[in-house]
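> I'll drop the sequence and a predicted model, then ask my questions.
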Amino acid sequence: MDINTFIEKLEVEFEELEQGTLKPDTNFRNIDEWSSMYALIIIALIDTEYEVVVTGEDLSKIETVQELYDLVKLRLN
Amino acid sequence: MSVFSVENKTILITGASSGIGAETARLLAENGATLVLSGRNKEKLNEVLQQLPTQEHQVISADLTHEEELEALVAQCPNLDGIVHSAGIVRPFPVKFIGHKQINQLFSINYSGPTVLTGRLFRTKKINAGASIVFMSSISSKFPHKGGALYSGTKAALNSFSKTIALEYASQRIRSNVISAAMVKTPLFDEAQKAISKEMMDKHGEQYPLGFGTPEDISNTMLFLLSDASRWITGTEIVMDGGLTAGQ
Ligand SMILES: NC(=O)c1ccc[n+]([C@@H]2O[C@H](COP(=O)([O-])OP(=O)(O)OC[C@H]3O[C@@H](n4cnc5c(N)ncnc54)[C@H](OP(=O)(O)O)[C@@H]3O)[C@@H](O)[C@H]2O)c1
């Protein structure tokens, strides 16, 4: 897993988002289309794709794509 | 003795270690019921037990998704005059992520747990004539939300199960009802709020004419449904949503 494939996977799932919008330092909450659905999609994607559990509480503590990636990577090991 | 009393009634509460189940335990015990408190977390169950006015209650821990633990609970259970089914979880899954694994995760505890437990208690004749059974359901069974396909499905299925009990056991005057609640401030609420952010939860709250519910709001209705004051109420649903769906 590297951050670029991680970002690609996220972008595929965020259907209204234009490809190439997400960067490692993108703050989730600044995405125009951000909605409660996005949080649900992140949690479900990480669960099904990496079998890693990320909770709503975890998400509330992080801001950027990089931080999310780091968290998943940490829990994978 | 008031018709609103639950004195001398033995009542099983699942999900008694937290939230609505724990609060219902306190109110029923204050009103004279003898309780069986169940859940997985023994420590938390004992904490709830210690807060009750008397200690003539018992704790029987069980994971309701494990066949043997459920059977052990049934075997140890005394005869019952009431059951409060409050064990349950919320796991949002957008439609495109639903697979057999996710279905099992939610249905095993929210649906199979309470239904198999009730069936086994009937089969072993542990549910007394005149007993009252209450299931915690949700308004989402009729008004689904994004990500809630599985959760609202488990609750819709419980609603049908409860009505079936009402039909099959009316001859023994055993009643079965559901409480369909909107958001109630419990640990489950806190988790949901963290998932969707506080701003969004606050915005959702503005749609409630009477604001979000509290565990006490629910336990008051539990007391009524478990008492003989509700003896002509069966096979139905009491909606508790602070007015949320009144205009819909
Ligand atoms: N809060 C709301 O806004 C709301 C709204 C509508 C409906 N409801 C329903 O009301 C019920 C209670 O909710 P709550 O808010 O009080 O939730 P809560 O505080 O999270 O309590 C859930 C309870 O379920 C038990 N439980 C979970 N998994 C279990 C398992 N595998 N085996 C046995 N017990 C298990 C937990 O005990 P252990 O962890 O000890 O096992 C806990 O006592 C649920 O069915 C929920 O769907 C809640």
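Thanks, I have the structure now. Just so it is clear, the model here is predicted, and its values are computed rather than measured.
> Please count neighbours and contacts with C-alpha atoms only from this point.
Noted.
> Might you report the residue contacts of the closest residue to residue B:207 other than its chain neighbours?
Excluding the flanking residues, the one nearest residue B:207 by Cα to Cα, 6 or more residues apart in numbering or on different chains is residue B:244, at 6.1 Å. Neighbour list for residue B:244: B:182, B:207-209 [criterion: Cα atoms under 8 Å, 6 or more residues apart in numbering or on different chains].
> Need the buried ones from those selected in PyMOL.
Those of the contacts of residue B:244 that count as buried under 16 or more other Cα atoms under 10 Å in any protein chain shown are selected in PyMOL with:
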select buried, chain B and resi 182+208
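> for the contacts of residue B:244, which one is nearest the ligand?
Nearest to the ligand out of those is residue B:182 (Cα to the nearest ligand atom; 4.9 Å).
> Was I right to think the closest one contacts residue B:241?
Yes: applying Cα atoms under 8 Å, one finds residue B:182 in contact with residue B:241, separated by 4.6 Å.
> residues bridging contact with those two, i.e. touching both?
Common neighbours of residue B:182 and residue B:241 (Cα under 8 Å, 6+ apart) are B:139, B:212-213.
> Quick check on the residue nearest to residue B:207: phi, psi?
Backbone torsions of residue B:244, given as degrees, to the nearest 10, read phi -50, psi -40.
> Could you check how far it is from chain A?
20 Å (Cα to the nearest Cα, to the nearest Å).
> how close does that residue sit to residue B:94?
23 Å (Cα to Cα, to the nearest Å).
> same thing with residue B:5?
Taking Cα to Cα, one finds residue B:5 at 44 Å from residue B:94.
> Residue B:238: helix or strand, and which one exactly?
Using DSSP states H and E, residue B:238 sits in strand B:237-240.
> That strand - what's its average pLDDT?
Taken as a whole, strand B:237-240 has a mean pLDDT of 98.
> and it, C-alpha only, in CSV?
Presented in CSV, the C-alpha positions along strand B:237-240 are these (Å, rounded to 0.1, in the frame of the first residue of the first chain):
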residue,chain,number,x,y,z
GLU,B,237,-45.5,0.3,18.2
ILE,B,238,-45.0,3.3,20.4
VAL,B,239,-43.2,6.0,18.5
MET,B,240,-41.0,8.1,20.7
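> in that strand, what counts as buried?
Neighbour-count burial for strand B:237-240 [16+ other Cα under 10 Å]: B:237, B:239-240.
> Distance to residue B:10 added to these, as JSON lines?
JSON lines is the format used below for those (distance: Cα to Cα, whole Å):
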{"residue": "B:237", "distance to residue B:10": "23"}
{"residue": "B:239", "distance to residue B:10": "26"}
{"residue": "B:240", "distance to residue B:10": "25"}
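> Which single one of those residues is nearest to residue A:43?
residue B:240 (29.4 Å; Cα to Cα).
> in chain B, which spans are helices?
B:19-30, B:42-50, B:67-76, B:100-107, B:113-123, B:149-169, B:187-196, B:198-205, B:215-226 (DSSP state H).
> what's the span of stretch B:90-108 from first residue to last?
Counting by Cα to Cα, you get 12 Å between the two ends of stretch B:90-108.
> And chain A, is the worst-scoring helix or strand of chain B on mean pLDDT touching that?
Ranking every helix and strand in chain B by mean pLDDT, DSSP states H and E puts helix B:187-196 at the bottom, with a mean of 83. Yes: legend: contact between helix B:187-196 and chain A by Cα under 8 Å from any Cα of the partner chain is shown at B:191-196.
> Near chain A, which residues of chain B are found?
So chain B meets chain A at B:92-94, B:97, B:146-147, B:191-197, B:200 (Cα under 8 Å from any Cα).
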